[in-house]
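Trainee: just to be clear, the model below is a prediction. Sequence and coordinates:
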Amino acid sequence: MTNDAPIKSSGDGDLDEILNPEEIKTIVKRKKDALQFGAARKLLTKVANLCNPKDAHFIWYHQQLALCTYKDEELLPTKRFNDALQILERIGLLSPKTKDAETLALGGAVYKRL
């Protein structure tokens, strides 16, 4: 997948068609606004697994996945917080070179709740 490449459906769940990054962002925003963090988490999990690390939206997908994971009350608190930290670690949370403010802020928010 190259920058701004569409995400192809794997044939199940919310990815029933090819979606471009802006469509994915719109769907995620709607789900978050409706406090449907579990549904957003499931969609973002599929997208993040299909996304190439070189994709321009790779970090955003993972940041939003971490956010929706730690806010998803369908999961037990310990599991959701630890899962969110693992997601953030994949995009450099523990690296001393990380300068991405959103990644660092999300990591701080999760650690605060542990």
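Mentor: In hand now; what should we look at?

Trainee: mind listing what Ile59 touches?
Mentor: Each residue near Ile59 by C-beta atoms under 8 Å, 6 or more residues apart in numbering is listed here: 91, 100, 103. Any C-beta I mention is one placed from the backbone N, CA and C, and that applies to glycine too.

Trainee: skipping adjacent residues, who's closest to the spatially most central residue of the chain in space?
Mentor: Geometric centre of the chain, nearest residue: Leu65, 1.9 Å, by C-alpha atoms, centre = their mean. Computed as C-beta to C-beta, 6 or more residues apart in numbering, the closest residue to Leu65 that is not its neighbour in sequence is Leu44, at 4.0 Å.

Trainee: sketch out the low-pLDDT regions of this protein for me.
Mentor: 1-18 (pLDDT under 70).

Trainee: and the helices in it?
Mentor: Taking DSSP state H, the helices of the chain run over residues 21-33, 37-50, 58-71, 77-90, 101-113.

Trainee: deepest of these, which one?
Mentor: Across these, the average number of neighbours (mean count of other C-beta atoms under 10 Å) peaks for helix 58-71, which reaches a mean of 23.

Trainee: tell me the angle it makes with helix 37-50.
Mentor: Angle between the axes of helix 58-71 and helix 37-50 is 150 degrees (criterion: axes from the mean of the first three to the mean of the last three C-alpha atoms, to 10 degrees).
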